[in-house]
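> structure, please.
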Amino acid sequence: METAAITRQNRRKLLAKYLIPTILGNLSVFLFTIVDGIFVGQGAGVDALGAINLVFPFVMFFNAVSMLTTIGGLTICAIRFGRGDKDGANEVFIHSVVMTLAISILFSFLALVFPEPLCRMMGANDTFLEMARDYIFWYGVFMIPCGMLISLHGFVRNDGRPGLASVSTIIATLINVFGDWLFIFPLHMGLKGAAIATGIAQTIELLILLSHFVLKKGVLRFHKRKWRWNLTGRILVRGLPECISQFCVPITTILTNWVLVSMLGDSAVNSYSIICYVSCFSVAIFAGCAEGLQPLFGQCYGSGNETELKFYKRAGIIIGGGGSAVITGIIVALTVPICHLYAADAATMAVTVPALPEYAWGFIMQAFNVVISAYLYSTTRTKQAVIINCLRTFVVNVLVVLLLPRIFPPQIIWFTFGIYEAIVLVIAVILMQTSDKKGVVGRALE
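Residues are numbered from 1 along each chain as shown. Predicted structure coming up:
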């Protein structure tokens with residue numbers, strides 16, 4: 001009995017070590033986003049918020065493709081750590097970082113050379129075009145450090161220092177808040193200033209994370225390795241579920257914006273921008289759970305410890321879903337003061353107040369889907385995770401967002417997020433339970 005109590009205590013300590021700093025770091029990231037939106041709304045106007053919302057899918061596409069190489073590398077790296085293969089973990093680290101760097105260079109080129117065509121493609125009309133073009137160009141200037149930040153953030157956490165990853169994010173958030181104020185208000189740089197402030201903050205965060213490797217605080221090292229194309233393929237396969245999942249937000253955002261522009265007008269676009277900004281606090285909880293548990297899932301799988309794996313799965317579902325529900329409830333209760341923070345005009349306010357609760361409940365459904373997906377792809381059940389995320393990204397969301405506003409009154413668009421996430425959740429639970437019955441550990445290790 002005493003041994004069992006010690007084991008439970010150790011589990012909780014390890015859970016707290018990874019989850020608390022990761023969730024705090026994610027809350028800081030989303031606070032970073034929310035404050036950015038407040039400064040933009042107050043300093044550049046509500047149309048500037050709409051411009052960001054229209055072009056932000058490009059940034060999210062970049063994040064999605066980066067996850068293909070980053071999460072794939074992190075998944076295999078954690079499994080190798082779990083079975084004590086430190087050299088193999090280092091090999092995966094180098095491959096993943098180099099691949100992410102190549103993706104960052106490509107997207108930076110697109111943003112710098114083709115900013116206006118990209119904005120047009122994502123639905124920016126004459127009201128939003130100039131502001132959107134400025135934002136996407138200056139974001140592109142800093143896209144390479146941004147991509148490397150995405151990669152190294154995960155590897156620092158997997159290398160046993162989730163606290164450093166969290167501290168670096170909090171510092172970057174504070175720098176971004178100051179930069180937003182400086183560039184938007186005293187220097188009157190508008191959206192260009194917001195993008196520059198974000199880029200500077202992310203570059204400084206990257207430098208903080210690099211100190212982990214320069215000072216050799218963990219196991220992972222930057223060093224020359226022979227390139228293995230078969231490992232490259234495995235990284236891409238293991239990263240595919242999360243890459244697909246990351247595409248869900250930009251695709252749904254583009255589709256929703258199209259519906260809003262054609263059926264409900266510019267005020268609805270501005271309202272949607274505010275909703276996306278503030279609702280992301282609930283995302284911070286379940287995204288933090290998924291990211292924090294990924295190393296634990298992988299290490300338990302690599303070491304063959306199914307008991308520990310089940311414990312962390314239950315914890316992730318409870319904390320991710322429950323925490324997101326609490327945060328979503330608070331956000332809905334504060335809808336009116338939130339609108340004032342973003343300098344919403346009367347027309348935007350009239351749309352946002354009823355629309356926010358109709359939209360935000362979907363984040364609770366999404367929380368369960370994201371945690372279940374992380375559990376599956378971290379234990380090499382790529383097929384099941386891909387099915388879940390394909391349904392969320394390319395099938396159910398597309399059908400629900402495009403069809404329901406044409407069958408029912410257009411205002412149903414605010415309910416579509418929760419509807420398609422709930423439909424996918426039913427399928428996700430079935431896939432997870434069916435897969436668990438076959439046993440989790442004992443599969444082919446990476």
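
> strands of the stretch 151-300 of the chain, residue ranges please.
For the stretch 151-300 of the chain, strands defined by DSSP state E, counting those that start in this stretch do not occur.

> chain center to stretch 171-191: distance?
23 Å (Cα atoms, centre = their mean, to the nearest Å).

> then stretch 97-106?
For stretch 97-106, the distance to the chain centre is 18 Å (Cα atoms, centre = their mean).

> try stretch 63-75
Relative to its chain's centre, stretch 63-75 lies at 11 Å (Cα atoms, centre = their mean).

> low-scoring pLDDT stretches of the stretch 101-250 of the chain, where are they?
By pLDDT under 70, the stretch 101-250 of the chain has no low-scoring segment.

> same thing but at 80, please
121-131, 190-191, 246, 249-250 (pLDDT under 80).

> helices of that one, start to end?
Under the criterion DSSP state H, counting those that start in this stretch, the stretch 101-250 of the chain carries helices at the ranges 115-121, 129-141, 143-158, 162-184, 190-214, 229-259.

> now for the last one, which elements pack on it?
Using 3 or more Cβ pairs under 8 Å, 6 or more residues apart in numbering; DSSP states H and E as the contact test, the elements touching helix 229-259 are helix 46-82, helix 86-113, helix 266-303, helix 362-378, helix 382-390, helix 396-407, helix 416-437. Every C-beta, even on glycine, is put in place using the N, C-alpha and C of the backbone.

> which one of the helices of the stretch 101-250 of the chain lies nearest to residue 414?
With Cβ to Cβ as the measure, helix 229-259 is the member of those nearest residue 414 (9.2 Å).

> now the closest one against helix 382-390, angle please.
Angle between the axes of helix 229-259 and helix 382-390 is 20 degrees (criterion: axes from the mean of the first three to the mean of the last three Cα atoms, to 10 degrees).

> and helix 229-259, how far out from the chain's middle?
11 Å.

> out of the helices of the stretch 101-250 of the chain, which is closest to residue 91?
helix 229-259 (6.9 Å).

> in the closest one, what's buried?
Within helix 229-259, the residues scored as buried using 16 or more other Cβ atoms under 10 Å are 231-232, 234-235, 237-257, 259.

> could you dump the helices of the stretch 101-250 of the chain to CSV with distance to residue 289?
Output for the helices of the stretch 101-250 of the chain, formatted as CSV (distance: least, Cβ to Cβ, whole Å):
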stretch, distance to residue 289
helix 115-121, 33
helix 129-141, 28
helix 143-158, 13
helix 162-184, 13
helix 190-214, 21
helix 229-259, 14
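
> circling back: put together CSV for the helices and strands packed on helix 229-259, with mean neighbour count and distance to residue 140 on each row.
What follows is those, written out as CSV (neighbours: other Cβ atoms under 10 Å; distance: least, Cβ to Cβ, whole Å):
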stretch, mean neighbour count, distance to residue 140
helix 46-82, 25, 9
helix 86-113, 19, 3
helix 266-303, 25, 21
helix 362-378, 26, 28
helix 382-390, 21, 27
helix 396-407, 16, 27
helix 416-437, 18, 29
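
> of those, which is nearest residue 14?
helix 266-303 (6.7 Å).

> give me the neighbour count for the closest residue to residue 116 other than its chain neighbours.
Closest residue in space to residue 116, ignoring its immediate chain neighbours: residue 133 at 5.2 Å, by Cβ to Cβ, 6 or more residues apart in numbering. Residue 133: 21 surrounding residues under other Cβ atoms under 10 Å.

> what of the one 10 residues further on?
Other residues lying near residue 143 total 24 when counted by other Cβ under 10 Å.

> contacting residues for the closest residue to it other than its chain neighbours?
Once flanking residues are discounted, residue 143 sits nearest to residue 108: 3.9 Å by Cβ to Cβ, 6+ apart. With contact taken as Cβ atoms under 8 Å, 6 or more residues apart in numbering, residue 108 is in contact with 140-141, 143-144.

> roughly how far does residue 108 sit from residue 122?
18 Å (Cβ to Cβ, to the nearest Å).

> so who does the nearest residue to residue 323 once chain neighbours are set aside touch?
Leaving aside its chain neighbours, residue 323 sits nearest to residue 285 (3.7 Å; criterion: Cβ to Cβ, 6+ apart). If a contact means Cβ under 8 Å, 6+ apart, then residue 285 has 23, 26-27, 319-320, 323-324, 327, 367 as its contacts.

> between those residues, which sits nearest residue 58?
Nearest to residue 58 among the contacts of residue 285, with distances taken as Cβ to Cβ, is residue 26, at 21.7 Å.

> give the contact list for that closest one.
For residue 26, the contact set (Cβ under 8 Å, 6+ apart) comprises 169, 283-285, 287-288, 291.

> repeat that for residue 423.
By Cβ under 8 Å, 6+ apart, the contact list for residue 423 reads 391, 396, 400.

> quick one, grab the pLDDT at it.
Residue 423 carries a pLDDT score of 97 in this model.

> mind checking pLDDT for the nearest residue to residue 231 once chain neighbours are set aside?
Sequence neighbours aside, residue 95 is the residue nearest to residue 231 in space, at 5.6 Å (criterion: Cβ to Cβ, 6+ apart). You'll see residue 95 listed with a pLDDT of 94.

> mind checking how far residue 95 is from residue 232?
Separation of residue 95 from residue 232 (Cβ to Cβ) stands at 6 Å.

> tally of neighbours for the closest residue to residue 168 other than its chain neighbours?
Nearest residue to residue 168, sequence neighbours excluded (Cβ to Cβ, 6+ apart): residue 208, at 4.1 Å. When neighbours are counted by other Cβ under 10 Å, residue 208 registers 18.

> which residues touch residue 208?
Here residue 208 is in contact with 164, 167-168, 171-172 (Cβ under 8 Å, 6+ apart).

> rebuild those residues as JSON lines, extending it with distance to residue 153 and neighbour count.
Formatted as JSON lines, these follow (distance: Cβ to Cβ, whole Å; neighbours: other Cβ atoms under 10 Å):
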{"residue": "164", "distance to residue 153": "10", "neighbour count": "21"}
{"residue": "167", "distance to residue 153": "12", "neighbour count": "18"}
{"residue": "168", "distance to residue 153": "8", "neighbour count": "26"}
{"residue": "171", "distance to residue 153": "13", "neighbour count": "15"}
{"residue": "172", "distance to residue 153": "10", "neighbour count": "25"}
